[in-house]
Structure formats: C-alpha cells, structure tokens
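Novice: attaching a predicted model along with its sequence, questions to come.
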Amino acid sequence: MATTTHIRVRGLPAHNPGPTYLSYTPDGTKLVTVGSNNTARVYNEGSDGEPSNLDDCQEQNFAVDATNEFMVAGSEDGTVSKYNFDSMEFDKFLVRTTLPVRDVCISSDGIWCAVASDELVVKIVNTSDQSAVMYLRDQPRPIKHLSFDPSNKYIALSCTNGLVYFYSLKNDEPELVRTVEGLIRTLETDSEFSSKIVWHPDGRAFAAATPTRDIQVMSKGDWENQRAFSGHSGDITTLAWSPNGAMLASAARDGKVILWDTKTQKIIAIYDYPNVMDLAWHPTNNIVSFTNTDGQVFIYHDFVPPTHTQLLRLSVQPAPFIHDPLSEISANAARRPVTNGSKDVPHRGVRQQSHDSLEGVDDILGSVLDDDFVEDDDGAGYALGLNGNGKRPLDDTTTYGSTTKRTYGRWEPRVHESFQPGSTPWRGNRKYLCLNLIGFVWTVDQDTHNTVTVEFYDHEEYRDFHFTDTCLYDKACLNEQGTLFACKAEEKTPAVIFYRPHETWTARTDWRTELPKGEDVTAISLSDSFITVTTSANYVRIYTLFGIPYRVFRQKSTPTISCASWRDYVLTLGNGPVGADGNTKLLYTIQNIKRDEICQSEDLVALPDGETLKSVFFSDDGNPCIYDSTGTLLTLLHWRTPSQAIWTPLLDTKLLSRLASGRKTESYFPVAVADNKFHCIILKGGDQYPYFPRPLLSEFDFEVPLYSPPKPTSDDDEPEIDESKKLEKNFVLGSILATQQQDLIDYTKSTPSQRQNLAKVELDIDKTLLQMLAVECREGEERGMRALEIVALLRDRTGRMIEAAGKVADRYGRGVLAEKIRELGEERLAAMEED
Amino acid sequence: MALPLPPGLTPSEVAFVCELEMVTVVPRQQLKSHDLLSGPTPALRPPHRAPLPLWLALLLKRQRRANIIPPPWLLPTSLERILRYETETSPSAFSPPPPHPHTVSVLPSATDQMTPPFLPSSTADAPSGHLPYHWLELGEILLEACSDDIPDPDKVRTLLRDLREVRMAKMRASTKELEGGGVVSLRGVGAMEVAEGRQFVVGVMDGLRKLGASRETERRRREEEGGDGDGNSDDDDMEME
C-alpha cells in the first residue's frame, strides 16, 4: 500500500505539451497516442523506444480509440479521422462536426463509432459505411464522454449538465432508457477532469468519478449506488478497470495513480505521477500505460505489484455490489446443490473479458467468439426459462453469470426458488422485508449492522419503531399482533427467530430462539395464534405466539418454498415431482394446527407450464390466494374438504382494462386480498419489485377472466354486448364469493354478520341474473331459451325472485317467456313443499 | 332585481358547492362510520381507500388523519393531454366532459339525472383525460391543501394555469360568435369558469344589445316606413345566463 519503491518509469516524449490521449488495440500489439501536434504515435508491443508515426494528422486531437485494424482520432477542428494500421496511412474522414470533437468510442465489435462534440447531437457512425449514422438527440447540453457497454447494446453519455444519459441501441432507432442524476459533476467539455462512465467488464455495473472525488459504482439493473472507492484527494482525471474487472486504476489531480482491489475497494498501490490525463490497461499483460498533460507517454511494465499479480490471472470478476443479486441466489442454503453447485464464475465468463470496450480492449481471439456469445444471448427461450425459474430481474445483457444456471448437454430439473411472501430482494443497500396491509418492514444495510424500520398504515393504533439489528434479519412478517423476524445461519451463528409483539402488559415479551446449527430459515409466517418456520432441513417448525415450540414435522414435498398462515391454518409449499415442462410441480399442504387435521395433503398448485409463483397469502377472510408469474390471482375453493380444492382465477392483471390501450407496460407486486379487492403496487418501467420511496397501494376489483377487455376506441357502439359481458362476469364472481362464504359458515362457528353477508352475496347474484334477464328480454323473443335458463339459475327459494323475473318478462312483452317462468316458479314451490 | 346580488353563483359559492364532490382518501387511522345528512360515511380502516366528500377529506387531511389520492385527471400526463387537445386538436371548442359514470340505458333510471357534485368524477377511479365540472376549484383546493399527495405539484399548478388561460381565452373569443345573436356550445365548461365568465359575457352582451338597440330602433323605424319584417334577433342572447 505504501508508495512503491519501483524504479520510476521514464516518460516518453510523444507529443507537444498539451492534452494527450491513448488507446490500446484490443489485441494489445499496439498502443496509439494522440496529442496537440499533428502526429499520432503507434508504439508496438515489445519495442520500448521508437514508435511508428502517422504524420498527416490534424492538430489538437482530443480523443482516440482503436481496433485491431484501424484507429480513429477526433480533433478540435471537428473532424474524426480513420487511419489504417496495415498501410499506416490516413484512410478517410469518418464524420465532420461543426464544433470540436470531445470523445470518440468504437464499439467492441468495431462496427460503430460514437462521436461526441460540442454540438448537442451525438452521432454514431458505421466505421465502414459513413452514410449509416444514428443520432442521439435527447440531451440538452454537449456531451463530454461516451462509452459503449460491453455488450454494445447500451451507450452511456456523460453530459455537461451533470446527468448521464443511457441509450439503448438494441433497435435501429436509439432509445433513451434512463437518465441518472447526481452521479457525475457538471464539467465543461474542455475540462481535464473526467466524468466518464466506465463499464465494469461484467456488464452489470459501471463506475464514474463523483464530485466528492470518489469513484462510485452503480448497477445497471436497478440504477442504485453500489460500493465506492474513496482515497483520492484531488479531482479524478481518468479511471479504468483491469481487463477482468478485478482491479481498478485511477489517476487524479493530487498527482497519484492508484491501483484498487475491486472486491475490497482497498488500495493496492499508489504511484506518484502528476497530471495524468488518460490511462489504459494492456489487454493481457501486466502493463498500464498513461499519458500526462506534458505530452509524455508512460508505459508501465509490472504495474500490478507481484503480491497481487494473481488477480490478473482470474477470469472476469463480479462488479462490487453491496448485495450481489447473483450470489444472493446461490447463497440460499441447500437450494440447488446440483443445478447451481459451483459458485465460481463459469468458464464462459473468461470469454467475456473480450468485451471490454472501455479502453478499446478486445479479445485476442478476434470476433469469432463474439458471434458465438451473441447467439447464446439471443436465445430467447433460454432466457425466458431462466426468468421463470430464477426470480431475479433478468436482463439479456446481464452477461456475467447468466449462464451459471445450466450447462448444455446435461438435463436437470428446474426447482422453484423459495421466497418470503411480500418481501423484495436487496436493491442497493435496502430491502423490504415485508409489505402488507398492516404496514411495512424495511432494512438498510449499514455494513456492520442493519437498521430495521417498521411502519404502520394506522398511526393511531400502532407506533412505528426502528432498531439497530446486529443479527442481520432478512425475513419478516407483520400482523395485528406483532412482528416476526428471522435471520440467516452464518458459519458461526445459527439462524435466529425473533418475535416482538406490538402490545404487552408484561415488562418484556419479545423472545428469540435459535434453530439447530446449520439449519437455515427458508420462509416464515405469522398468524393470530401460531408462528410457522420452514427450514432448509425440510422441517416445518411451529411455535405459539410466545415461543413455545408446538409442533415440528418434516415436510413431504421438498425443497420447501414458502409458507403462509391464517389463524390455525398453515399452508406450506414445496417442490414435488418433475412435470412435463422440466420444472418441478408445486405441491401445497393446508392443515389446521390446533385441531391437528390435514385439509389438503400434497395437492398440486395449478400453474401453467414454465411459470412460477410470485406470492402466496391468505385473504382477510381466510382463503388461500396465489399470484403467479403470468399475473393471475387465484384462490382456492372448497379447501377445507380434503381433495375437493380447486384453484379459481379471480383476476388476470393482463386483461385489466387499464392495459387495454396497449400503451402501458406495467406489472403488479401483490400485497394482499381484502374486502374482495386485490391490493397491489403498480410497477412501471420494467421494475419487478417496489423500491423507495414506498409507492402507494392500488386496489383492483376482482374480474374473472372471461373476455378480453373492450378496445378503448369503440365507445358507444355496442353497449349492450358490454353490459351483458359485465353482468356475466359479476355472476361468476358472485358464485365464487358465495361458495367461499358458504364454506366459511359451514366450517367455522359463524357469526350472524357472516350469515348476513352470505344472504347479501346471494341476493346480489339474483339481482345480477335479473339484469341479465332484462338484457335478454330486450334483445328479442328468440333469446327466450337463454332467458329461461337464467331464471333457472336464480338462488332465491322463496319464489319472490321468480315472480320478479316474470314481471321483467311481462314488461318487455315476452308473454310466452313469462308463462314459462311462472310454470317454473310453481314447480319450484311444489318441490319445496314436498321437502 | 330586488337584491343587489349579481345573478348566478359567486366563485366562493361555487367553491363551497365543489366541496360536496367525492374524493378518495387513504386513511391513516381508523374512524367509525358517521351518519351524516347525506348518508353514512364509510368506516375508515387504513390503508383501505375510501370515498369521502371533499370537505370531510380536507378536514381529515388538515388533522393528518388521511391522505387524499388526487383524481387521475389531475396528474401531469392527463393534464398535458387535455392541454394538447385544447390547443392543437380543437383550438376552438372546449375539451369534452367525462362520460357519465352510470350507463345511460334505454330504460330511464334514477342515475340518469345525477349531476355534479353528486357524480363520482374526482375519485381515484374516475376517468383520466377529461376535465370534470368542478375541475378548476377542485384542482386549486387540492393543490393548496394536499400538495404533498400530488405528484409533481408545481407542474400540475402550471398546467392548470395554462388550461385556465387557454379556456378563458376561448370563453372571451366566444363573445365574437354571440355578436348578432349566435349560439355557443358550453359543453365541457366548468362551474367556476361559468361563474367567472358570467360577469364579462353578460356585460359584453348587454353592451352589444345596447349598441344593437339603436340599430334596432333604426330598423324598426324603417320597417314601419317600408312594411313589416321580423325582429326576434336579440332573444338568443340570453343563452349565457
């Protein structure tokens, strides 16, 4: 860490004093430098002394980038020139701008060259065909730096207004996908300091110099700040990741060039070289080259000290995340001993080090592997399968580790992940542990400890609280009585369960209990009377509210996925046998703990092929509900009778009328089902999980998926059709709700209000049927059969409803129908008298 | 007129009537159902949304017992769409009011006759992209009372101001049509705009009528001289009142 005792590297006088820039060719054979005089120098690998010169350059060059075949240089006079290496001559002007060129960047496949100038528009020119140009116009100020991401699907523009603009280049027309505020500082285009976005070679994150002289890493998936490198005492002028991302080199105005360890963000070495302007790693060797403002070039052999050279030999290393979404998944104990056994980087990752476009580095093996890589990545089915299985936001540009899941040639069943209902994964240093209608629990990672905050919607009834959490709880449940927490088992400490009631009449009632060593918590749930914990040892452990172990049993379907509970009922989910689609089948068991009865034993959760579960919970009146990855909310009917249970859809969010226009793309994070409404959080912009600030809850009425929503354009054309569809939906929904209510009354000590409720639901069904009858009558005489069928569906047993139906028919002048309805009514009355 | 009051409702009266509009709130604490003259209020249970009259919602909001969910038409995207409609799509007519929330069917029903403020045109499930009858006063009240619940309140304020100016300009321009007894459609005009415009339009009309009166007497005189014609041109002017 001390300033190195190396022999000081001598600067090679390359250019006149002034800004000097450099770039390695991707194969590492040449180092190109440009500066303020009209010569570009090409240093060949190995020959330390005399460079070859490209003499017919423009003066005052501000940018350079190179591929194996050619290099481009951008100059103050607004030209971007292309030079061929084989002829060592000027080839052509790629593009001209009216104002000085500030940065050029060639995509790692060498096809596109992006040019930033003092103009507002950024041009992306095809290097072989100058007429093919893409324009990026959404930024209001000139752009200082550009960089392609390793997959060439995104480009990051560092604007002089302190914002970073990310464009997607997946389609022919570039599209602004994100603006990041507060990462870089506002800099003029001719400033010596850097606000460049430097992509980490794994493609999931990038680094940039912040106004506070730190180097901040930000993830591309959720645009959250990750780790930061701090130690410079001057403004940062340049930074570069090592080709495998294991180290970072940076230079600043404090006269220091610092080498950092990516994993720990510690300083490996400090070198004193003032006024460094630009810095580049050799793609393969232990060489770092840099230029200074005096026009000198330093080619620093053995830049990485011998103690750390092993870092150079590693394959692509993960970017420094606070909570790496990938390691998070594979760290779930006993999750996938076979499918995802190896936690190290896949061998394919090595190839990806070729995609370092940051300093124009490319693979030695050329572009052949690139094609191969793209093919794999584009395999849409492949990516989809992953997405269905792994519950993480999967972007097809996620290069690092996206292939860890499966290797070719060996078939393995796909196992459903375990999850905690109502929680979100880590994003940045925050995570929701629990979101429901009582309140929400979140935690913030403070490196050494977490801070957990519990907030309630009802501020009068409960008091918000927060505490410093040294156990690092990562699961929580919240209900009217209390809050339940659980933390992971670490090497030395066992998993802990912690319960804290909201109200107490004794001095201290919170309790914690430890699980046996090595046993990890997969999911927890809290009801009015019991605490349920499913563990990685496939045990279901049930405690009473105040910590008395009540029951322990092993779950039949393994590995366990999740659990939910309501009063004395506990629902556990597990992976069953493998189905036809290669996924394991989900099995659930519902049991009444107090009565020790099994309601449903190892029954199937009905899921379409390849889909998985997003959440499982009980509704406020105690019916199990699931929300799956197709966006459908289902409930279980007749679940108290063994083997009678059926999954019935209540709402398909894809068919919501708010999405009918096709303009909106949004997904929904399920929160609860209460009052016959689906409470959820609307997620826009491709988000998968809610984040901070906490979004508002939305509620949707149930809508049984019978029809596609009407197109919004047809307003008043056929209101009748729409009306009858609406009534039909209401009828089916009413039948479902009546069934649930009936079951509830049959199986529990029902209260008068519950019975009243059932009567009301049935009355509503009859009213809906009468309205349907009115529609049919209005339609015409020929719909009589259908109308009579509707009358036969009436639930009312007193005959009043049938009488009313007869009146409706009379009113529309359907005499025959009215007659038949009366006959039906008489039959019914007779049948009732017989009973 | 016996009373020195101007005809119609004053702006403060319109704002008072506007407080009968229903809005959606997210309560922050429980509250039992209350029996009011207008019917029982729903029992409030956080975080379940509940419809409440605006005056009650404002009361609860001031006591920090509830948050008001802004109606969908008050969001910046919706207002921008309306403004675009007002300025580009139809530079002369007002944007249409929201569709009637109860389906108007062949059979007459009690809901057909319902008008604002007794229609749920400003609850959270109201349609976006249409200005309801009480849009101006409701927008102003919400911006003043609960700007923390409205996303991007400054933008909403600017857009409301823009809309108001565009529509006031249309209102003033409509007097040109009225000259000589034309008819102007007031479909989609809000309560406050009518109240504000009334003074001006009625004044202009009166002035026009006075100007026309001399012409009229002139014509009558000529008619008396040269035979009879019909002189009913000034009756349509009452349209605005």
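Specialist: Perfect, I can see it now.
Novice: near chain A, which residues of chain B are found?
Specialist: B:26-30, B:45-49, B:69, B:99, B:103, B:105-106 (Cβ under 8 Å from any Cβ of the partner chain). Just so you know, the C-beta spots here come from the backbone N, C-alpha and C atoms, and that holds for glycine as well.
Novice: pull out the buried residues from those residues.
Specialist: B:26-29, B:45-49, B:69 (16 or more other Cβ atoms under 10 Å in any protein chain shown).
Novice: what about these, which are in strands?
Specialist: B:26-27, B:69 (DSSP state E).
Novice: and of the buried ones among the residues of chain B next to chain A, the nearest to A:M277?
Specialist: B:I69 (54.1 Å; Cβ to Cβ).
Novice: distance of that closest one from B:C146?
Specialist: Counting by Cβ to Cβ, to the nearest Å, the gap from B:I69 to B:C146 is 9 Å.
Novice: give the contact list for the closest residue to A:I438 other than its chain neighbours.
Specialist: For A:I438, ignoring the flanking residues on the chain, the nearest one in space by Cβ to Cβ, 6 or more residues apart in numbering or on different chains is A:L478 at 5.2 Å. By Cβ atoms under 8 Å, 6 or more residues apart in numbering or on different chains, the contact set of A:L478 is A:434, A:436, A:438-441, A:454, A:484, A:526.
Novice: Serialize these to CSV and add fields for pLDDT, neighbour count and secondary structure.
Specialist: Output for these, formatted as CSV (pLDDT from 0 to 100; neighbours: other Cβ atoms under 10 Å in any protein chain shown; DSSP: H, G, I helix; E, B strand; the rest coil):
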residue, pLDDT, neighbour count, secondary structure
A:C434, 93, 25, strand
A:N436, 91, 20, coil
A:I438, 91, 24, coil
A:G439, 91, 22, strand
A:F440, 92, 23, strand
A:V441, 94, 26, strand
A:V454, 93, 23, strand
A:L484, 94, 26, strand
A:L526, 94, 23, strand
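Novice: any chance of those in CSV, with distance to A:I111 too?
Specialist: Below are the contacts of A:L478 laid out as CSV (distance: Cβ to Cβ, whole Å):
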residue, distance to A:I111
A:C434, 48
A:N436, 51
A:I438, 55
A:G439, 53
A:F440, 48
A:V441, 49
A:V454, 53
A:L484, 55
A:L526, 56
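Novice: just name the closest of those to A:A672, please.
Specialist: Among the contacts of A:L478, and counting by Cβ to Cβ, the member closest to A:A672 is A:N436, at 5.5 Å.
Novice: gap between that closest one and A:F498?
Specialist: Using Cβ to Cβ, we find A:N436 at a distance of 18 Å from A:F498.
Novice: can you check B:I141 too?
Specialist: For B:I141 relative to A:F498 (Cβ to Cβ), the value is 46 Å.
Novice: those two: who's more crowded?
Specialist: Using other Cβ atoms under 10 Å in any protein chain shown as the criterion, B:I141 and A:F498 rank with B:I141 on top: 21 against 18.
Novice: just give the number of residues close to A:K677.
Specialist: 18.
Novice: hmm, it is touching A:S698, no?
Specialist: No - using Cβ atoms under 8 Å as the test, A:K677 is too far from A:S698 to be in contact (9.7 Å).
Novice: ok so, going back, include pLDDT when you put the buried ones among the residues of chain B next to chain A into JSON lines, please.
Specialist: Below are these laid out as JSON lines (pLDDT from 0 to 100):
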{"residue": "B:V26", "pLDDT": "91"}
{"residue": "B:P27", "pLDDT": "91"}
{"residue": "B:R28", "pLDDT": "89"}
{"residue": "B:Q29", "pLDDT": "89"}
{"residue": "B:R45", "pLDDT": "88"}
{"residue": "B:P46", "pLDDT": "86"}
{"residue": "B:P47", "pLDDT": "87"}
{"residue": "B:H48", "pLDDT": "90"}
{"residue": "B:R49", "pLDDT": "90"}
{"residue": "B:I69", "pLDDT": "91"}
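Novice: contacting residues for A:L829?
Specialist: Counted by Cβ under 8 Å, 6+ apart, A:L829 has contacts A:G799.
Novice: specify the local secondary structure of it.
Specialist: Look at A:L829: counting by DSSP: H, G, I helix; E, B strand; the rest coil, its state is helix.
Novice: measure it to chain B for me?
Specialist: 29 Å (Cβ to the nearest Cβ, to the nearest Å).
Novice: where does the chain dip in pLDDT?
Specialist: In the absence of a named chain, chain A is used. Where chain A drops to pLDDT under 70, the residues are A:1-6, A:46-49, A:326-410, A:711-721.
Novice: actually it's chain B I care about, not the one you picked
Specialist: Those would be B:1-3, B:103-109, B:179-181, B:227-241, if you go by pLDDT under 70 across chain B.
Novice: just the strands in it please.
Specialist: Under DSSP E, chain B gives strands at B:22-27, B:35-36, B:39-40, B:50-53, B:66-69.
Novice: A:N44 is nearest to which of those?
Specialist: Across those, closest to A:N44 is strand B:66-69 (Cβ to Cβ), at 68.2 Å.
Novice: any idea how far the residue nearest in space to the middle of chain B is from A:H323?
Specialist: Against the mean C-alpha coordinate of chain B, by Cα atoms, centre = their mean, the closest residue is B:G190 at 1.8 Å. Using Cβ to Cβ, B:G190 is found at 51 Å from A:H323.
Novice: what's downstream of the host helix or strand of A:T237, the next helix or strand?
Specialist: If you go by DSSP states H and E, A:T237 is part of strand A:236-241. Per DSSP H and E, the first helix or strand lying C-terminal to strand A:236-241 is strand A:247-252.
Novice: paired strands for that next one, with orientation please.
Specialist: strand A:236-241 (antiparallel), strand A:256-261 (antiparallel) (DSSP bridges).
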